[in-house]
Each structure stands twice: as structure tokens, then as C-alpha cells.
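>>> Next come a sequence and a model predicted from it.
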Amino acid sequence: MPTITKRELVNELSDELGMTQAQVSKVLEGFLATVMRHVCEGDVVTFRTFGNFEPKVAKGKLGRNPNQPEVVVKIPDRCVVKFRPGGEFKESVAQLPVEKLAKKKR
């Protein structure tokens, strides 16, 4: 499955919007920084049709060292970010033919 980089997104948006790559890059960097700042402040960032970015607490658990399976390690609670796709996004992805993704994974 191909990975789309930020550079490729900037190029594509630049072509679509008629803006320079530098302008698009600045807007994209600002957008991402703003979303990250709000999530790090404990806010839920919502894009109705796209999805939600939400800070959550991942409960601690007991884990094992793969090199020493007899050793039990306590993993403490930690903060994580969860993304929950919006309805339109989920629906669009669900419409993809399974074969399309299966071919890309090879």
C-alpha cells in the first residue's frame, strides 16, 4: 500500500488551489500545529464528516519483556490520542472493493 507523504499532499493541494507550494506548506503546518495544540490541551477536535481527534487515558497494564518472559513489567497509565472517523469517511472507505486494498498490500 503506497504511503502519501506531506510533500505529495502539498504538491497536490498546490495544483488544485493555485497556490504556491510554500503557501500550502505554511497553511498545512499551521493547521497541524493548531490541531496538535488543542488535543494536547485536552480538547476534542471535530471535523464533522472527517472525524474526531480526542485525547484519552490508556489504562496501565502488566506486560512482559519479550527477551525475559518471566519478568513482569508494570506499564503505567498514559495519555494517547484517538482518531474516530466520521460517518461519511467510514462509509467512503467501506465502499472500497476489498481486492483494491489486498493488491496494494503486496
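Looks like it arrived, so ask away.

>>> What segments of the protein are helices?
In the chain, the helices defined using DSSP state H lie at 6-17, 21-40, 87-94, 98-104.

>>> I'd like those laid out as JSON lines, including mean pLDDT, mean neighbour count and distance to Thr46.
From N, CA and C alone the C-beta is placed, and that goes for glycine too. Putting the helices of the chain into JSON lines (pLDDT from 0 to 100; neighbours: other Cβ atoms under 10 Å; distance: least, Cβ to Cβ, whole Å) gives the following:
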{"stretch": "helix 6-17", "mean pLDDT": "97", "mean neighbour count": "13", "distance to Thr46": "21"}
{"stretch": "helix 21-40", "mean pLDDT": "98", "mean neighbour count": "13", "distance to Thr46": "10"}
{"stretch": "helix 87-94", "mean pLDDT": "94", "mean neighbour count": "11", "distance to Thr46": "12"}
{"stretch": "helix 98-104", "mean pLDDT": "75", "mean neighbour count": "9", "distance to Thr46": "27"}
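
>>> wait, which of the ones you listed is closest to Gln68?
Closest of those to Gln68 is helix 21-40, at 34.5 Å (criterion: Cβ to Cβ).

>>> Let's see that closest one as PDB, backbone CA atoms only.
Extracted in PDB, the C-alpha atoms of helix 21-40 (Å, rounded to 0.1, in the frame of the first residue of the first chain):
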ATOM      1  CA  GLN A  21       3.900  25.100  -2.500                       C
ATOM      2  CA  ALA A  22       5.400  27.300   0.100                       C
ATOM      3  CA  GLN A  23       1.900  28.900   0.900                       C
ATOM      4  CA  VAL A  24       0.200  25.500   1.100                       C
ATOM      5  CA  SER A  25       3.000  24.100   3.200                       C
ATOM      6  CA  LYS A  26       2.700  27.000   5.700                       C
ATOM      7  CA  VAL A  27      -1.100  26.600   5.900                       C
ATOM      8  CA  LEU A  28      -0.800  22.800   6.400                       C
ATOM      9  CA  GLU A  29       1.900  23.200   9.100                       C
ATOM     10  CA  GLY A  30      -0.200  25.800  10.900                       C
ATOM     11  CA  PHE A  31      -3.200  23.600  10.700                       C
ATOM     12  CA  LEU A  32      -1.500  20.500  12.000                       C
ATOM     13  CA  ALA A  33       0.200  22.500  14.800                       C
ATOM     14  CA  THR A  34      -3.200  24.000  15.800                       C
ATOM     15  CA  VAL A  35      -4.900  20.600  15.900                       C
ATOM     16  CA  MET A  36      -2.000  19.100  18.000                       C
ATOM     17  CA  ARG A  37      -2.000  22.000  20.400                       C
ATOM     18  CA  HIS A  38      -5.700  21.700  21.100                       C
ATOM     19  CA  VAL A  39      -5.600  18.000  21.500                       C
ATOM     20  CA  CYS A  40      -2.600  18.400  23.900                       C
END
